[in-house]
Each structure stands twice: as structure tokens, then as C-alpha cells.
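J.: Got a predicted structure plus its sequence, pasted below:
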Amino acid sequence: MAETLKQFFSDKNVFWTIILSFFIVVLYGLYQNTLELLVIPFALFVVYLAIFHLEKLFYIMVALIPLAINLSETSIGIGVSLPTEPIAFGIMLLFWLNVFVNNGLSKKILFHPVTLVIVLHLVWMLITSLTSTLPLVSLKYTLARFCFVTVFYFVPLYLFQSMKKINQFIWSYMGTLTIVILYSIYNQSQGGFSDAVAHHCMTPFYNDHTAYAAAISFLIPIMVIGNFIAKISNKKRGIYILFSIVLITAVILSYTRASWIGIVLSLFLGLVITFRIPYWVLFTIFGIILVGVYTFQTEIVMKLGETQEQSSNNLGAHVQSASNITSDASNVERLNRWSCVLRMHELKPWLGWGPGTFQFVYAPFQKESEKTIISTNFGTGGNAHSEYLGPLAEQGYLGTLFFLLIVLTVFIRALQFISTAQNRMHRLMAMAVLLGLVTYWVHGFLNNFLDTDKLSVLHWGFIAMLVAIELLEQKEKQSELSDNSAAQ
């Protein structure tokens with residue numbers, strides 16, 4: 001009996017069962033005019049892939065993410081991104097079931113410094129969810145973060161066993177993101193490439209131009225540095241150049257100042273690494289800037305208050321408007337949210353109000369004098385607009401500290417690896433991935449998107465790439481040592 005069941009549930013039999021069910025459901029749906037039933041064979045196909053081809057399902061999911069639509073942006077109003085978030089949740093369950101059956105995570109992964117700080121981050125989120133002012137909201141938010149970290153960090157570490165697999169991840173996302181870019185540029189062309197059109201030309205795939213530009217910025221360093229990773233054919237080099245041009249054009253047309261700043265600082269770091277400028281010089285310059293900003297903060301605020309440039313179609317004026325904190329609505333609204341963060345933090349400095357709660361509780365902390373034309377009395381405008389300040393209000397001091405620890409640990413480990421790696425391909429890819437992360441970490445001062453699959457897949461996935469490349473390098477060195485020992 002057991003052998004019969006095993007034979008029936010074989011790869012081939014399940015596949016043809018799903019195909020047959022698909023045609024039956026299609027015919028019945030056409031007859032009854034209820035094509036919603038197509039969800040059933042699609043779900044069965046996903047289950048089939050999950051059981052027999054989990055790796056393929058993972059890459060399919062990554063490719064679908066740029067095209068996924070969040071139902072909260074539709075008339076349905078449910079905060080689920082389809083079809084990718086249900087797939088991610090299923091992969092998470094299968095992954096941890098497999099880990100449990102096989103006696104835990106690999107020790108190389110579990111005890112890696114990056115993994116440890118990520119686990120600390122998740123544990124603190126869980127603790128502050130239990131003490132939250134809105135426990136159900138916080139637990140749901142923490143579960144979503146746990147799901148994204150599992151599927152986009154832990155799962156890739158088991159899949160990225162070669163550089164080919166890493167490239168497959170990059171191109172899975174890049175391929176469908178290009179479709180969104182072409183769609184967005186077409187919409188912009190219909191509106192004269194104006195700033196106003198740039199804010200919504202990518203909907204319904206990305207909720208606004210800032211998230212769209214952040215995703216594009218992640219991939220620019222990889223496409224640019226891809227020309228130098230290895231000896232490649234002129235055809236492949238042409239592909240990298242073409243995609244570099246497409247991405248740079250798209251991010252310019254996005255009118256997203258935060259992404260522009262992130263790309264410029266990423267370029268600066270790339271020059272520092274390429275020309276081997278001592279890192280202590282970089283940190284010294286950064287320290288001097290921080291001390292200068294703190295010392296002359298009053299004068300700086302007064303100077304910024306004099307800037308009157310608004311967001312505009314003129315790129316020069318649009319860049320200058322980034323320093324306008326008196327009349328540019330998007331800038332002033334950020335200051336309004338950040339002021340609310342600080343007031344909320346004063347009341348709950350250690351445990352915060354709970355993960356994911358800011359958008360539901362910040363309204364009473366607004367001051368009339370700080371509101372803008374886009375502020376709402378009920379505080380329905382969204383999150384804190386900062387990956388660093390948001391956790392301060394929601395998770396207290398340690399919330400921000402643990403996120404900063406993730407950034408610093410990844411940054412320092414990557415710099416150390418780049419300076420010591422023997423494999424040139426590993427070194428250049430690690431550099432490209434790190435620069436991609438830097439674009440987001442800089443962007444994260446002004447926006448936060450890690451509660452979405454659109455950016456989480458890149459953020460946690462890129463961190464997984466760095467860890468995987470480091471482990472590949474270690475494996476190569478161990479193999480060389482074994483070969484040398486055998487030869488002696």
C-alpha cells in the first residue's frame with residue numbers, strides 16, 4: 001500500500017494530475033462563467049513545485065515579485081501581495097520543517113556574525129510585539145519580517161552554492177523589473193516625463209516612485225561592475241552595458257532624490273575601495289561631518305529654512321529642493337513624522353509602542369504648526385519614513401541599535417572580505433553587492449520599505465549573497481589546502 005501511494009505521488013503523476021485538473025477547471029469555469037476557479041490549479045501547481053522543485057519555485061517567486069500587486073492598493077483593500085506573499089509563506093513553512101527534520105541549521109550559517117545579529121533583531125521584535133500597545137498588529141508585522149528573513153536570507157544561503165546560482169537570483173528579479181521599467185517609461189512618455197507623472201507611473205506594481213527607485217538603485221552597481229567581474233564575451237558585455245543604461249535612465253526619470261543621493265555615496269565608496277584609500281580616512285571624514293553637523297546644527301537648520309525650491313521637472317531644481325525644509329511638502333512631512341517619532345520615544349524609550357504600530361498611533365503626537373498639506377488628522381499617511389527612526393518609536397533604543405548592528409556587521413565583514421579575497425570574481429561581486437546595499441541604507445534614512453516583499457527580497461537577498469560568497473571563498477581555500485596536503 002505504501003509503495004503504491006509513493007508511486008502515485010511521484011513527480012510525473014502529480015504533474016499530469018495538475019495539468020488534467022487545470023483543463024477541467026478551465027472548462028467548468030468557462031461554462032459557469034467563474035474563472036476565479038483558476039486559483040485552484042494554480043495553487044496545486046505551486047504545491048507541486050514546492051514538493052518536488054522548491055529551488056525552481058524560489059526563483060519563480062523572485063521573478064514574480066516586481067510584477068506582484070498588493071491588494072491594499074486595489075478596491076479589495078487587503079494588505080497582501082499576490083501571488084508572491086502566499087508563496088513565500090509556504091516556502092517558509094517547508095524550510096523550517098526541513099530544518100527541524102534535519103536537526104537544525106548548518107553551524108556555518110547559524111554562527112555566522114551576520115546571522116547572529118539578524119536573529120537578535122528578530123528576537124527583540126518578538127519581545128516588543130508581546131509588550132506592544134497593539135499586540136495583534138505587532139505580531140502580524142513580526143511574522144511578516146520573520147517570513148521575509150527566512151525566505152530571502154536563510155533559504156538563499158542553502159541555494160547559493162555557486163556564483164551561477166547567485167547570478168540566477170539577480171537576473172530573475174532584473175528580468176521582470178525591466179518589464180516594469182519599460183511600462184513606467186511608456187506611461188511617463190504619455191505625460192511628458194513630468195514630475196507628477198513620475199510619482200505613479202509604476203503603479204500597480206510599486207506603490208510609489210521611491211520604492212521603485214530604491215529597487216532600481218540596488219541593481220545599478222551589479223550591472224556596472226558586471227563588465228569587470230570576469231572575461232566575458234562582447235555580447236554579454238553589451239547586455240550589461242544596455243541594462244546599466246536602462247537602470248540609470250529609469251532612476252533619473254523617477255525623480256527620487258533619496259535614491260540619487262544613495263547612488264552618489266555608493267559611487268564614492270566604490271572609488272574608495274577601488275583605489276584602496278585607507279578606511280580610517282573614510283571613517284575620519286564621516287566622523288568630522290557628524291561632529292560638524294552637531295556643532296553647527298542651528299546654523300544649518302536656519303540655512304535650510306531659507307531654501308524655497310520645490311520638487312520640479314527641472315532636475316537641478318529638484319535636487320536643490322532636497323534641502324528645502326520649509327515649503328517642500330514631502331520634506332516637511334518627513335520632519336513632521338520624525339518629530340512624532342521622538343515624542344513617542346520619550347514616552348516609551350525602551351520597549352517602544354510595538355512593531356508596525358507607528359501608522360496607527362502617531363496622529364495625536366502631531367503639532368498643528370508642523371503639519372503639511374499632505375498631513376492627516378487621523379495619521380493615515382503611513383510609516384515613519386526611516387528605517388532607523390521607525391524602530392526607535394516602535395521598538396525603543398534596542399530596535400534601532402539592532403538594525404544598525406546588522407548594517408555595520410554586514411558593511412565591515414564585506415569590506416574585510418573584499419580586501420582579503422583571493423578569487424577576483426568573488427571580490428568584485430561582493431563589492432557590487434555591498435554598493436547595492438549602500439544605496440538602500442542611505443535611502444533608508446528617508447524611507448522604509450522592509451515591510452514589503454519588493455525591497456525585502458533585495459535587502460535580505462543581497463546580505464545572503466555576501467555571506468554565501470564568503471562561504472564559497474572559504475570552501476575554495478579549504479579545497480586548495482586539502483589538495484596541497486595530498487600532494488605533499
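T.: Done, it's in.
J.: For Lys477, which non-adjacent residue is closest in space?
T.: Distances taken as CB to CB, 6 or more residues apart in numbering place Gln422 nearest to Lys477, at 7.4 Å, with adjacent residues excluded. All C-beta atoms are positioned from the backbone trio N, CA, C, and that covers glycine.
J.: what about this protein, any weak spots by pLDDT?
T.: 1-23, 25-38, 40-41, 73-78, 230, 293-294, 296-329, 377-381, 483-488 (pLDDT under 70).
J.: ok, which stretches of this protein are strands?
T.: 69-70, 81-82 (DSSP state E).
J.: re the thing from before, any idea how many residues pack against the residue nearest to Lys477?
T.: Applying the criterion other CB atoms under 10 Å, we find 10 residues in the vicinity of Gln422.
J.: same check, this time on Phe111
T.: Phe111 has 10 nearby residues by other CB under 10 Å.
J.: Figure out which of the strands of the chain is closest to Tyr255.
T.: Distance to Tyr255, taken as CB to CB, is lowest for strand 69-70 among the strands of the chain, at 21.9 Å.
J.: in its sheet, what does that closest one sit against?
T.: Strands that pair with strand 69-70, judged by DSSP bridges, come out as strand 81-82 (antiparallel).
J.: How about residues contacting the strand it pairs with?
T.: Surrounding strand 81-82, the residues in contact under the criterion CB atoms under 8 Å, 6 or more residues apart in numbering are Ile65, Ala68, Ile69, Asn70, Leu71, Thr452, Asp453, Lys454.
J.: Endpoints of stretch 413-429, how far apart?
T.: 14 Å (CA to CA, to the nearest Å).
J.: Contacts for it next, please.
T.: With CB under 8 Å, 6+ apart, stretch 413-429 has contacts from 113-114, 163, 166, 222, 225, 228-230, 273, 279, 430-431, 433-434, 465-466, 469-470, 472-473, 476-477.
J.: Same question for stretch 143-157.
T.: Here stretch 143-157 has contacts from 58, 61, 85, 88-89, 91-92, 95-96, 105-106, 109, 118, 122, 125, 169, 355, 450-451, 453, 456-457, 459-461, 463-465, 467-468, 471, using CB under 8 Å, 6+ apart.
J.: Tell me the buried residues within those residues.
T.: 58, 61, 85, 88-89, 91-92, 95, 105, 109, 118, 122, 125, 169, 355, 450-451, 453, 456-457, 459-461, 463-465, 467-468, 471 (16 or more other CB atoms under 10 Å).
J.: Run through who's touching stretch 170-182.
T.: 59-60, 62-67, 202, 205-206, 212, 215-216, 219, 222-223, 243, 246-247, 250, 457-458.
J.: one step back: and the two most separated of the contacts of strand 81-82?
T.: Checking those with CB to CB, the most distant pair is Ile65 and Leu71, at 15.0 Å.
J.: between these two, who's got more neighbours?
T.: Neighbour count, other CB under 10 Å: between Ile65 and Leu71, Ile65 has more, with 27 against 15.
J.: if I pick that one, what's in contact with it?
T.: Ser81, Thr84, Tyr173, Thr176, Asp453, Lys454, Val457.
J.: and what of Pro135?
T.: Ser129, Gly354.
J.: Quick one: the helices in the stretch 101-250 of the chain, in order.
T.: 107-110, 113-130, 135-149, 155-159, 163-190, 195-198, 209-225, 234-253 (DSSP state H, counting those that start in this stretch).
J.: Could you dump the strands of the chain into TSV and include mean neighbour count and distance to Ile373?
T.: Below are the strands of the chain laid out as TSV (neighbours: other CB atoms under 10 Å; distance: least, CB to CB, whole Å):
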stretch	mean neighbour count	distance to Ile373
strand 69-70	19	26
strand 81-82	18	30
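J.: Pro364: which of these is closest?
T.: Of all those, strand 69-70 comes closest under CB to CB, at 27.7 Å.
J.: What is the neighbour count of Gly238?
T.: 12.
J.: Next, work out how far apart it and Ser194 are.
T.: 32 Å (CB to CB, to the nearest Å).
J.: now swap in Leu82 and tell me
T.: 31 Å.
J.: which residues does Leu64 contact?
T.: Leu64 touches Pro83, Thr84, Ile87, Thr176, counting by CB under 8 Å, 6+ apart.
J.: how about these in CSV, adding neighbour count and distance to Leu49?
T.: Compiled in CSV, these are given as follows (neighbours: other CB atoms under 10 Å; distance: CB to CB, whole Å):
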residue, neighbour count, distance to Leu49
Pro83, 19, 12
Thr84, 24, 14
Ile87, 24, 9
Thr176, 18, 18
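J.: Helices - which of the residues you listed land there?
T.: Thr84, Ile87, Thr176 (DSSP state H).
J.: my read: the second one touches Val46, true?
T.: Yes. Using CB atoms under 8 Å, Ile87 and Val46 qualify as a contacting pair, with a distance of 6.0 Å.
J.: Please identify every residue contacting each of the two.
T.: Contacts common to Ile87 and Val46, judged by CB under 8 Å, 6+ apart, are Leu57.
J.: re the thing from before, next, give phi and psi for the residue nearest to Lys477.
T.: For Gln422, the backbone dihedrals are phi -90, psi -30 (criterion: degrees, to the nearest 10).
J.: gap between it and Val151?
T.: 32 Å.
J.: likewise Ser479?
T.: Taking CB to CB, one finds Ser479 at 30 Å from Val151.
J.: In terms of neighbours, single out the busier of the two.
T.: Each of Ser479 and Val151 has its neighbours counted (other CB under 10 Å); Val151 has more, 27 against 10.
J.: which two in the contacts of Leu64 are spaced the farthest apart?
T.: Every pair of the contacts of Leu64 checked by CB to CB; the farthest is Ile87 and Thr176, at 14.5 Å.
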